[in-house]
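Asks: From the sequence below, what's the structure:
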Amino acid sequence: MQSERERLRSTEILRTSSKAIPLFFHRSYRARRYILRVTDDGAARVTIPRGGSRESARLFARQHAGWVQRQLYQLTLRPRPARTLNEGSEILYRGRKVTLSVNGDRLCFGDQIVTFSSAVEDFTALVRTRLWEIAAREFVPRALELAQQYGVKVRRILVRSQRSRWGSCSVRGTICLNWRILQAPAYVSEYMLIHELMHLREMNHSARFWKHVAAACPRYAEAEQWLDDHDHLLRQG
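Replies: Sure, this is the predicted structure:
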């Protein structure tokens, strides 16, 4: 059975007068109204406020389909960012922008150095593999440490590359974390680990669940906002 978050993030179609585009839903406990935005990759996303419904969000998107179409047109006028990572490209690393630089056969960004073949010009796979490795090396032991600290039992912890979620927790105690959390500031990645661990106490997003989260992570609202603002990272291949 899908969780509420999985259902809300699942894709539907919004039809404008000229095309059909992906429509995503996201529930925010902080939002006071429905919010519609067009993402950089050409999808529409509706934020559902506390007490709101998916049906109302869908109607809200349909009522503003004309606005969405105009935003999509404006999007076509913007320069398209490169899909590949090359020398000089900027990426998010631990919450700040760093530039990829090359020194001989070494690719450097932040505090990282990756050796590569002289024939390589597209560094996308190298960078993402390195970030994934760092995430697995750091997040798994930290999550186990936090699990012990908060007295919850974890069956296993996996680091994956998900396109629609920063993390998930199964009823059997398996936690999956997205390697892209490494691109966030430290307080955000710490929050994400705590968020999934608290699901081992409450497998929902009830008021009691958020009470557990707030007690363990006072900056949770700020971290949630960062994740909301950067969810485009999830769809970057």
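
Asks: would you list every one of the helices in this protein?
Replies: Across the chain, reading from the start of the chain, the helices by DSSP state H fall at 4-9, 54-63, 65-77, 124-150, 186-198, 207-216, 220-229.

Asks: okay, those helices in CSV with mean neighbour count and mean pLDDT next?
Replies: In short, each C-beta sits where N, CA and C put it, glycine included. Rendered in CSV, the data for the helices of the chain read as follows (neighbours: other CB atoms under 10 Å; pLDDT from 0 to 100):
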stretch, mean neighbour count, mean pLDDT
helix 4-9, 15, 42
helix 54-63, 15, 93
helix 65-77, 13, 83
helix 124-150, 16, 95
helix 186-198, 22, 96
helix 207-216, 15, 93
helix 220-229, 16, 87
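
Asks: got these as a markdown table, with distance to residue 20 columns?
Replies: Below are the helices of the chain laid out as a markdown table (distance: least, CB to CB, whole Å):
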| stretch | distance to residue 20 |
| --- | --- |
| helix 4-9 | 19 |
| helix 54-63 | 12 |
| helix 65-77 | 10 |
| helix 124-150 | 29 |
| helix 186-198 | 33 |
| helix 207-216 | 35 |
| helix 220-229 | 25 |
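
Asks: right, and those helices - which one's nearest residue 99?
Replies: Nearest to residue 99 among these is helix 124-150; the distance by CB to CB comes to 11.7 Å.

Asks: elements contacting the closest one?
Replies: strand 106-109, strand 112-115, strand 156-160, strand 174-178, helix 186-198 (3 or more CB pairs under 8 Å, 6 or more residues apart in numbering; DSSP states H and E).

Asks: Burial check on residue 44, number of neighbours?
Replies: 25 (other CB atoms under 10 Å).

Asks: again but with residue 89, I slipped
Replies: When neighbours are counted by other CB under 10 Å, residue 89 comes out with 17.

Asks: about what we covered before: nearest to residue 21, of the helices of the chain?
Replies: Relative to residue 21, the nearest member of the helices of the chain by CB to CB is helix 65-77, separated by 7.0 Å.

Asks: Give me the residues contacting that closest one.
Replies: With contact meaning CB atoms under 8 Å, 6 or more residues apart in numbering, helix 65-77 is reached by 14-19, 21, 36, 38, 40, 42, 44, 61.

Asks: Make CSV out of the residues you listed and add distance to residue 166.
Replies: As requested, the contacts of helix 65-77 are arranged in CSV below (distance: CB to CB, whole Å):
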residue, distance to residue 166
14, 24
15, 29
16, 29
17, 34
18, 33
19, 29
21, 23
36, 22
38, 21
40, 18
42, 21
44, 20
61, 23
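
Asks: By neighbour count, which of those wins?
Replies: Of all those, the highest neighbour tally under other CB under 10 Å goes to residue 44, namely 25 neighbours.

Asks: what pairs with it across the strands?
Replies: Here residue 44 shows beta-bridge partners residue 23, residue 38, assigned using DSSP bridges.

Asks: Contact partners for it?
Replies: Under the criterion of CB under 8 Å, 6+ apart, the contact partners of residue 44 comprise 14, 21, 22, 23, 24, 36, 37, 38, 61, 68.
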